[in-house]
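A.B. asks: show me the folded form of this:
(one chain, ligands or ions: 1)
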Amino acid sequence: MAISAVFSSCGTAPVTPAEELLASLGSAVESGKIMYGHQDDLMYGHSWRLGSDASSYVRSDVKDVCGMYPAVYGLDLGGIELGDERNLDHNLFEQMRASAIAHYERGGVVTFSWHPRNPLTGGDSWDVSSKEVVASVLEGGSVHELFMEWLSRAADYLESFRTSDGQAVPIIFRPWHEHTGSWFWWGRDLCTVEQYVALWKMTYDYMAVERGLDNIVWSYSPGAGGVTEEIYMERWPGDRMVDMIGVDCYQYGSSQQYADELRNALDIMVKVGRKRKKLLALTETGYEGIPDASWWTGVLYPAIKDYPLAYVLTWRNACDMEGHFYAPWPGQVSAEDFRAFADMEKIVMIR
Ligand code: BMA
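C.D. replies: Got it, this is the predicted structure:
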């Protein structure tokens, strides 16, 4: 199913680029569509990486398999905070921007996660050696000034996404994700509820209010593991600072375990989304290495099809890590099944 038919009408009268995106996502959800997304799709694939000459951004493992691009293109800001030329997965920031604009101009949607360094220890996002990190970036903390500089670099970058005629590209931004787990420095055991909420508020106030970035759709995405409605909402930043809600959920064990965990999370999101009037998405998912040849139509699709999801995004196809991929490539065991998934009436891809 190709996207053009879906994105023709907007419900209310949106004013900002972010509101326009929310309105079109909302009408797609109302018509029962779910967009398919893939992280880093245009940057590299299972056995290739963009060179310096790749100006047209046409290569994609997903397209090589089914002839269509994912409708949602995920990217990560990690590294922007230090002004790096490349992000944590070796993508040139400049190429990320150019490919995201190309994707938007094809009719697609762009989303960013952020795995920033640890501002207190100098380690990475996964450095959980100190429980003082969130406290230290908040106002009055020892690295507050440094962290505000990090936020300003991220804001500069997100602000720079413009089409050739100067139109701002809307971006679904998903900061401080999987915070119900404790593997990132902003995770559940690493800061208090108040500190997490203050971190979100500081990020939002700086980017949305002080800098006035009106192209950002704010997305909240806890992890699925052991989540209850109470845990899902424990660190809720507030209705004003969240536009969409999601969940990150991967298959590690059996398909049944995955489907159960996913449905549990999606049921919670349906309740929360209804109450707070927020759109829903499966913000990260996948089965590493996709060893199940019918995973797409046999496991993922049945688990999501009855939920009003704006999109489902599978994680990246690393070209430099053996077996670390979440979308098929030509010849991969689930490629044929993925084609059937991509052709489903409900599933939205772009050409
Ligand atoms: C993780 C892995 C890492 C990667 C990180 C950020 O899930 O894929 O290799 O660096 O996401 O993209």
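A.B. asks: close to the ligand: what parts of the stretch 251-351 of the chain are there?
C.D. replies: Where proximity means C-beta under 6 Å from any ligand atom, the interface of the stretch 251-351 of the chain facing the ligand comprises Trp315, Arg316. From N, CA and C alone the C-beta is placed, and that goes for glycine too.
A.B. asks: where do the strands sit along the stretch 251-351 of the chain?
C.D. replies: With DSSP state E, counting those that start in this stretch as the definition, the stretch 251-351 of the chain shows strands at residue ranges 279-287, 309-314, 347-350.
A.B. asks: ranges for the strands of the stretch 51-200 of the chain?
C.D. replies: Using DSSP E, counting those that start in this stretch, the strands assigned to the stretch 51-200 of the chain run over residues 69-70, 72-76, 109-113, 171-174.
A.B. asks: would the third one count as contacting the ligand?
C.D. replies: By that I understand strand 109-113. No: using C-beta under 6 Å from any ligand atom, we find that strand 109-113 stays clear of the ligand, coming within 7.2 Å at best.
A.B. asks: about what we covered before: pick the most deeply packed of the strands of the stretch 251-351 of the chain.
C.D. replies: Here the criterion is mean neighbour count by mean count of other C-beta atoms under 10 Å, and of the strands of the stretch 251-351 of the chain the winner is strand 309-314, at a mean of 27.
A.B. asks: name every strand pairing with that strand and say which way it goes.
C.D. replies: strand 34-39 (parallel), strand 279-287 (parallel) (DSSP bridges).
A.B. asks: and it, how far out from the chain middle?
C.D. replies: The gap between the average C-alpha position of strand 309-314 and the chain average comes to 9 Å, counting by C-alpha atoms, centre = their mean, to the nearest Å.
A.B. asks: average pLDDT across it?
C.D. replies: Mean pLDDT, taken over the full extent of strand 309-314, equals 98.
A.B. asks: next one, pLDDT for the residue sitting furthest away from the middle of the chain please.
C.D. replies: Distance from the centre of the chain peaks at Gly140, with 30.7 Å (C-alpha atoms, centre = their mean). With respect to pLDDT, Gly140 scores 98.
A.B. asks: show the contacting residues for it.
C.D. replies: The neighbours of Gly140, taking C-beta atoms under 8 Å, 6 or more residues apart in numbering as the test, come to nothing; the list is empty.
A.B. asks: let's have the strands of the stretch 251-351 of the chain in JSON lines, adding distance to Phe338.
C.D. replies: JSON lines is the format used below for the strands of the stretch 251-351 of the chain (distance: least, C-beta to C-beta, whole Å):
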{"stretch": "strand 279-287", "distance to Phe338": "12"}
{"stretch": "strand 309-314", "distance to Phe338": "10"}
{"stretch": "strand 347-350", "distance to Phe338": "10"}
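A.B. asks: low pLDDT regions in this structure?
C.D. replies: Segments of the chain classed as low confidence (criterion: pLDDT under 70) are 1-12, 54-55.
A.B. asks: run through the helices of it in chain order.
C.D. replies: Under the criterion DSSP state H, the chain contains helices at 17-30, 61-66, 93-105, 133-137, 144-159, 193-204, 229-234, 255-276, 295, 301-304, 335-342.
A.B. asks: which strands and helices sit next to the first one?
C.D. replies: Right, helix 17-30. Counting contacts by 3 or more C-beta pairs under 8 Å, 6 or more residues apart in numbering; DSSP states H and E, helix 17-30 packs against strand 216-220, strand 279-287, strand 309-314.
A.B. asks: and the angle from that helix to helix 93-105?
C.D. replies: Helix 17-30 and helix 93-105 meet at an angle of 50 degrees, taking axes from the mean of the first three to the mean of the last three C-alpha atoms, to 10 degrees as the criterion.
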